[in-house]
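> Below are the sequence and a predicted model for it; my questions follow.
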Amino acid sequence: MFDFSIVSSWIHQMLTSAMPEGLAIFIECVVVGVCIVLMYAILAILLIYMERKICGFFQCRLGPMRVGPYGTIQVICDVLKMLTKEIFTPKTVDKWLYNLAPYMVLLASFLTFACLPINKGMEVLDFNVGIFFVMAASSIGVVGILLAGWSSNSKYSLIGAMRSGAQIISYELSAGLSILTMVVLTGTMQISEIVGGQADGWLIFKGHIPAIIAFIIYLIASNAECNRGPFDLPEAESELTAGYHTEYSGMHFGFFYLAEYLNLFIVSAIAATVFLGGWMPLHIPGLDGFNMVMDYIPGVIWFFAKAFFVVFLMMWMRWTFPRLRIDQILKLEWKYLVPISMVNLLLMALVATFGLHF
């Protein structure tokens, strides 16, 4: 498996030999930032197209077909339309908080996106408490949603923001406990070490039944954190028009739309990293020939294939189940998922302590 840190070290040495180290680091940060923004935009376009097509297949129709072959250019046209629309600001809003809210939501997804290990040596942020940082950075988005609902001075927006805040804060517990269950199994919070520890087997297979339970709970909780169906009550069009971003237009609305789909990819990529080995290939003990063939597939392909597989599972969930009521959503979390997650964490602690894992 190719180590991308060799390339990054060579680029750093080349830059430091031609300019002061501080300037070299500044240029590297700018280049990395531009790469993240480009990847952010490309993934958003792919995910929106994927959502429309999968939605069409589940509803026995074709989805976008007219603009470009199989409707591939439809999303690009929608992006251009969004960029040219006027940003309208209502008179009664708190303008400073109203304009700040979309950037808060976008900032949270950018910070979390930078922690994803796309390949070996290809992670932007790799702390010894990486999992803790990911969970902390992702929670900033709740602040942006609450600001959007409060500053819009609209009852629809305020109710949507209150629903979203209660839902996201609640389901963060289940998602965090599921990830903590795998941290107990690996014994580290550094994301690169969690992936490196899965060279001999993915954690969902090594951790027995507790790992499978944690994976299922994480899928449910992360879907609720993204405000996606059947947990899309904060944006219930039949009740709240568009929820917390009802009063937004132009690219301010586009930022919320982008963040929703990138958050979908981020939670899927975290699931792929923690449970499905990240960029690690599939290895089956005893099948050396098969394992050698798997090693030829680049880690980038493994990472994105696993992430998009989890994205498909979450889209499948959205277009299968009907929308829940707010009392059903909170009852599912506090009465079922949290107790099961805590018992499952205890089981995983026993598995790790007595060495019962593979």
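Happy to help now that I have it.

> What ranges in the stretch 51-200 of the chain fall below the confidence cut-off?
Residue ranges of the stretch 51-200 of the chain with pLDDT under 70: none are present.

> And the strands in it?
With DSSP state E, counting those that start in this stretch as the criterion, the stretch 51-200 of the chain has no strands.

> can you pull out the helices in it?
74-84, 95-113, 130-138, 140-151, 155-186, 191-196 (DSSP state H, counting those that start in this stretch).

> Save those helices as CSV, and put in mean neighbour count and distance to Lys120 too.
Quick note: C-beta positions are derived from backbone N, CA and C, even for glycine. Below are the helices of the stretch 51-200 of the chain laid out as CSV (neighbours: other C-beta atoms under 10 Å; distance: least, C-beta to C-beta, whole Å):
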stretch, mean neighbour count, distance to Lys120
helix 74-84, 14, 31
helix 95-113, 20, 18
helix 130-138, 20, 15
helix 140-151, 23, 28
helix 155-186, 22, 17
helix 191-196, 21, 8
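
> what would those helices look like in JSON lines with distance to Phe255?
Shown next, in JSON lines, are those (distance: least, C-beta to C-beta, whole Å):
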{"stretch": "helix 74-84", "distance to Phe255": "10"}
{"stretch": "helix 95-113", "distance to Phe255": "4"}
{"stretch": "helix 130-138", "distance to Phe255": "16"}
{"stretch": "helix 140-151", "distance to Phe255": "9"}
{"stretch": "helix 155-186", "distance to Phe255": "15"}
{"stretch": "helix 191-196", "distance to Phe255": "26"}
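
> I'd like to know which of those lies nearest to Asn223.
Each of these has some distance to Asn223 by C-beta to C-beta; the shortest is helix 155-186, at 8.5 Å.

> from the middle of its chain, how far away would the closest one be?
13 Å (C-alpha atoms, centre = their mean, to the nearest Å).

> Next, the angle from the host helix or strand of Ala44 to helix 74-84.
Taking DSSP states H and E as the criterion, Ala44 maps to helix 21-58. Inter-element angle recorded for helix 21-58 and helix 74-84: 120 degrees (by axes from the mean of the first three to the mean of the last three C-alpha atoms, to 10 degrees).

> and Ser268, how many neighbours?
26 (other C-beta atoms under 10 Å).

> So it sits against Phe304, correct?
No: using C-beta atoms under 8 Å, Ser268 makes no contact with Phe304, being 10.1 Å away.

> mind listing the helices for the stretch 201-350 of the chain?
203-206, 208-225, 237-240, 250-274, 288-295, 299-318, 326-331, 338-353.

> so can I have JSON lines of those helices showing distance to Tyr40?
JSON lines is the format used below for the helices of the stretch 201-350 of the chain (distance: least, C-beta to C-beta, whole Å):
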{"stretch": "helix 203-206", "distance to Tyr40": "27"}
{"stretch": "helix 208-225", "distance to Tyr40": "19"}
{"stretch": "helix 237-240", "distance to Tyr40": "26"}
{"stretch": "helix 250-274", "distance to Tyr40": "6"}
{"stretch": "helix 288-295", "distance to Tyr40": "29"}
{"stretch": "helix 299-318", "distance to Tyr40": "14"}
{"stretch": "helix 326-331", "distance to Tyr40": "29"}
{"stretch": "helix 338-353", "distance to Tyr40": "31"}
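
> out of those helices, deepest packed?
helix 250-274 (a mean of 23; mean count of other C-beta atoms under 10 Å).

> what's the angle from that helix to helix 155-186?
Using the same axes, to 10 degrees: helix 250-274 against helix 155-186 is 20 degrees.

> Please give the centre-to-centre distance between helix 250-274 and its chain.
Here helix 250-274 is found 5 Å from its chain centre; the criterion is C-alpha atoms, centre = their mean.

> what does stretch 33-43 give?
On C-alpha atoms, centre = their mean, the centre of stretch 33-43 falls 14 Å from that of its chain.

> And for stretch 198-208, what's in contact with it?
With contact meaning C-beta atoms under 8 Å, 6 or more residues apart in numbering, stretch 198-208 is reached by 181-182, 185-186, 194, 197, 211-212, 214-215, 274-278, 280, 282-283, 285, 348, 351, 356-358.
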